[in-house]
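In: give me the fold of what follows.
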Amino acid sequence: MKSNKSSSGSSKPPSNSSARVNKSPKQQRKNQERITTKDADYKQSSVAPKHSSPAKPVKKANSPQVDGQGERIQKVLSRGGVGSRREIERWIDEGRFKLNGELVKLGDRLKVGDFLQLNDRVIHWEKFAIQPTRVLLYHKPTGEVVTRRDPEGRPVVFTQLPSLITARWISVGRLDINTSGLLLVTNNGELANKLMHPSTQVEREYAVRILGEVSEATLEKLKEGVELEDGKAKFDEIHFFGGEGANKWYNVIVSEGRNRLVRRLWESQEVVVSRLMRVRYGPVVLPERLKTGTFYELTEKELDLLFEFAGLERNEPVAVKAKLEPSKGHVPRKR
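Out: Sure, this is the predicted structure:
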């Protein structure tokens with residue numbers, strides 16, 4: 001197993017860097033609304049409680065175990081990581097699914113005993129119907145790629161995660177190879193899609209180390225918005241966090257997940273970013289004591305809060321969770 005010690009030395013962001021460093025009244029209110037996990041080793045891990053969820057109605061879902069009508073095909077398969085709901089709906093329109101020998105139509109539901117095929121290959125969908133949701137907080141180091149296979153042979157995130165008996169891990173957003181920090185992964189495609197969808201506008205917070213001084217005029221311009229090659233973009237908030245000499249640390253917040261957005265915004269003002277680390281995704285904060293290359297799994301209570309934040313009903317049958325197989329990633333246990 002690779003060493004979990006950071007090699008950055010003095011390049012680390014200030015030790016108490018998390019969402020709580022922001023000084024604005026708005027951010028202070030958000031910080032007060034977060035709750036802390038009871039895990040003694042990860043007291044900085046947090047998920048927004050009920051009253052901080054988006055002002056959207058929570059989607060109610062009828063349990064197939066209650067009404068006997070089954071669940072929509074796209075919902076079951078997205079939960080199992082086969083694809084997003086939108087992708088599966090497109091595949092249905094393209095005639096790629098068969099249910100009990102007949103072409104699937106939008107709105108068709110899966111019930112016990114149904115025989116489902118995708119491109120004439122059998123899908124054992126029943127395992128997705130009883131699969132409990134899991135979410136991992138992975139502390140991605142620089143140098144790893146958020147992909148399942150890399151043609152250049154670079155280390156990939158998914159080989160560092162535990163294997164699942166059913167389905168697969170889905171990353172909630174991406175981090176480029178030179179960016180470290182918080183990466184959420186889940187086996188629930190519907191939850192992942194909701195947290196990534198542009199309409200949700202989930203905040204992402206980053207600790208950024210830059211070279212040199214930045215004028216107040218430049219900071220104001222970055223908050224007002226600048227034109228990039230793919231459209232106008234801005235930082236929702238920027239907070240100076242310290243630093244001496246040539247290196248300065250800032251915490252910035254964006255509400256969209258465009259590729260390399262944080263780096264490109266700084267570079268548009270000819271500011272050099274020497275280190276970039278994501279410290280928060282929506283209501284979830286990177287635990288300070290979580291070492292690079294290791295993960296932490298959200299508790300049942302934290303999962304409930306994350307579902308509520310996403311505006312989804314957590315309606316899962318009672319089942320024993322699938323066992324996580326050993327992997328390179330691990331969470332140090334309290335001694």
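
In: mind listing the helices for this structure?
Out: Assigned by DSSP state H, the chain shows helices spanning 25-33, 64-67, 73-79, 85-93, 126-129, 189-196, 216-224, 261-267, 300-310.

In: packing partners of the last one?
Out: The one in question is helix 300-310. If you count contacts as 3 or more C-beta pairs under 8 Å, 6 or more residues apart in numbering; DSSP states H and E, helix 300-310 packs onto strand 46-47, strand 135-140, helix 189-196. Backbone N, C-alpha and C define where each C-beta goes, glycine included.

In: need the ones you listed in JSON lines (columns: mean pLDDT).
Out: Shown next, in JSON lines, are these (pLDDT from 0 to 100):
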{"stretch": "strand 46-47", "mean pLDDT": "58"}
{"stretch": "strand 135-140", "mean pLDDT": "97"}
{"stretch": "helix 189-196", "mean pLDDT": "89"}
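
In: tabulate these in a markdown table, adding columns for mean neighbour count and distance to residue 289.
Out: Formatted as a markdown table, the helices and strands packed on helix 300-310 follow (neighbours: other C-beta atoms under 10 Å; distance: least, C-beta to C-beta, whole Å):
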| stretch | mean neighbour count | distance to residue 289 |
| --- | --- | --- |
| strand 46-47 | 25 | 13 |
| strand 135-140 | 24 | 10 |
| helix 189-196 | 22 | 24 |
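
In: ok, which of these comes nearest residue 312?
Out: Ranking those by distance to residue 312, with C-beta to C-beta as the measure, places helix 189-196 first at 6.0 Å.

In: next, the angle strand 135-140 makes with the closest one.
Out: Relative orientation of helix 189-196 versus strand 135-140 (axes from the mean of the first three to the mean of the last three C-alpha atoms, to 10 degrees): 60 degrees.

In: other residues contacting helix 189-196?
Out: Applying C-beta atoms under 8 Å, 6 or more residues apart in numbering, the contact partners of helix 189-196 are 75, 77-86, 133, 135, 170-173, 184, 186, 200, 202, 257, 281-282, 306-307, 310-312.

In: how does it look with 6 Å?
Out: Helix 189-196 is touched from outside by 78-79, 81, 84, 170, 172-173, 186, 202, 310, with contacts defined as C-beta atoms under 6 Å, 6 or more residues apart in numbering.

In: what stretches of this structure score poorly on pLDDT?
Out: Residue ranges of the chain with pLDDT under 70: 1-68, 129-130, 166, 316-335.

In: strands along the stretch 51-200 of the chain, start to end?
Out: For the stretch 51-200 of the chain, applying DSSP state E, counting those that start in this stretch gives strands covering 71-72, 97-99, 102-103, 109-110, 116-118, 121-123, 135-140, 170-172, 179-186.

In: nearest to residue 147, out of the helices and strands packed on helix 300-310?
Out: The nearest among those, by C-beta to C-beta, is strand 135-140 at 12.1 Å.

In: against which helices or strands is that closest one packed?
Out: strand 179-186, strand 295-297 (3 or more C-beta pairs under 6 Å, 6 or more residues apart in numbering; DSSP states H and E).

In: parallel or antiparallel, list what pairs with the first one.
Out: For strand 179-186, the paired strands and their directions (DSSP bridges) are strand 135-140 (antiparallel), strand 170-172 (antiparallel), strand 272-281 (parallel).

In: quick check: angle from it to helix 300-310?
Out: Here strand 179-186 runs at an angle of 100 degrees relative to helix 300-310 (the same axes, to 10 degrees).

In: report the buried residues of strand 179-186.
Out: Using 16 or more other C-beta atoms under 10 Å as the test for burial, strand 179-186 gives 179-186.

In: distance of the closest residue to residue 307 other than its chain neighbours from residue 132?
Out: Nearest non-adjacent residue to residue 307, counting by C-beta to C-beta, 6 or more residues apart in numbering: residue 314, 4.1 Å away. With distances taken as C-beta to C-beta, to the nearest Å, residue 314 is found 10 Å from residue 132.

In: again, but for residue 256
Out: Separation of residue 256 from residue 132 (C-beta to C-beta): 30 Å.

In: same check on residue 86?
Out: Using C-beta to C-beta, we find residue 86 at a distance of 24 Å from residue 132.

In: the more surrounded of those two?
Out: Comparing residue 86 with residue 132 by neighbour count (other C-beta atoms under 10 Å), the higher total belongs to residue 132, at 16 against 12.
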